[in-house]
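Chemist: give me a 3D structure for the following:
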Amino acid sequence: MNFEERLKIQEVIARFANSFDIKDWDGLQACLTESLYADYSDLRGTPAQTITSSEYVHQRRESLDHLKLQHLVSNYEIDFMNAESAACRASMVVWRAAEEKDFTSHCLYMFQLMKQDGGWKINGITQKVLWNEGTASLHKGSNKRVGRET
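Modeler: Predicted coordinates:
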């Protein structure tokens, strides 16, 4: 695939990450297909699931809306299956803070993407936590046993 398609995929993943930080929940949903595969088992200790994009956004809003956030994403590795589907592995650091506490996850994300309505949308997300730091209980969606509590 050409450079332009790679850049479009990087942009949708960056928009996905930035939407959390500015609490643009409609913008987050616009990055997703109607239903998607979501696997956050490394962080949450819950099984992977296929859910609607509106439920995905609702769950994230419930667990993150009260926090200050910053998602930094880089190291994009993009593979095209065909002209309509792709996979992207990317590194991400997720900072979460409230009051005097913080909780940071260092992760690899595996995104599945498909072309829809002329643009790329995310239809699968798998998060692999490399390590966590800080107060896990700060994030309502985290598995309290993961990472090191400070």
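Chemist: every contact and neighbour count from this point should use C-alpha atoms.
Modeler: OK.
Chemist: so what's Met81 closest to, chain neighbours aside?
Modeler: Spatial nearest neighbour of Met81, chain neighbours left out: Ala87 (7.6 Å); criterion: CA to CA, 6 or more residues apart in numbering.
Chemist: so where do the strands sit in this protein?
Modeler: 32-39, 49-52, 68-82, 85-98, 101-116, 119-134 (DSSP state E).
Chemist: sorry, back to before: hang on, the residue nearest to Met81 packs against Phe111?
Modeler: Yes - with contacts defined as CA atoms under 8 Å, Ala87 counts as touching Phe111 at a distance of 5.6 Å.
Chemist: ok so, going back, switch the strands of the chain over to JSON lines; also include mean pLDDT and distance to Gln10.
Modeler: What follows is the strands of the chain, written out as JSON lines (pLDDT from 0 to 100; distance: least, CA to CA, whole Å):
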{"stretch": "strand 32-39", "mean pLDDT": "98", "distance to Gln10": "14"}
{"stretch": "strand 49-52", "mean pLDDT": "97", "distance to Gln10": "23"}
{"stretch": "strand 68-82", "mean pLDDT": "97", "distance to Gln10": "7"}
{"stretch": "strand 85-98", "mean pLDDT": "97", "distance to Gln10": "9"}
{"stretch": "strand 101-116", "mean pLDDT": "96", "distance to Gln10": "11"}
{"stretch": "strand 119-134", "mean pLDDT": "96", "distance to Gln10": "10"}
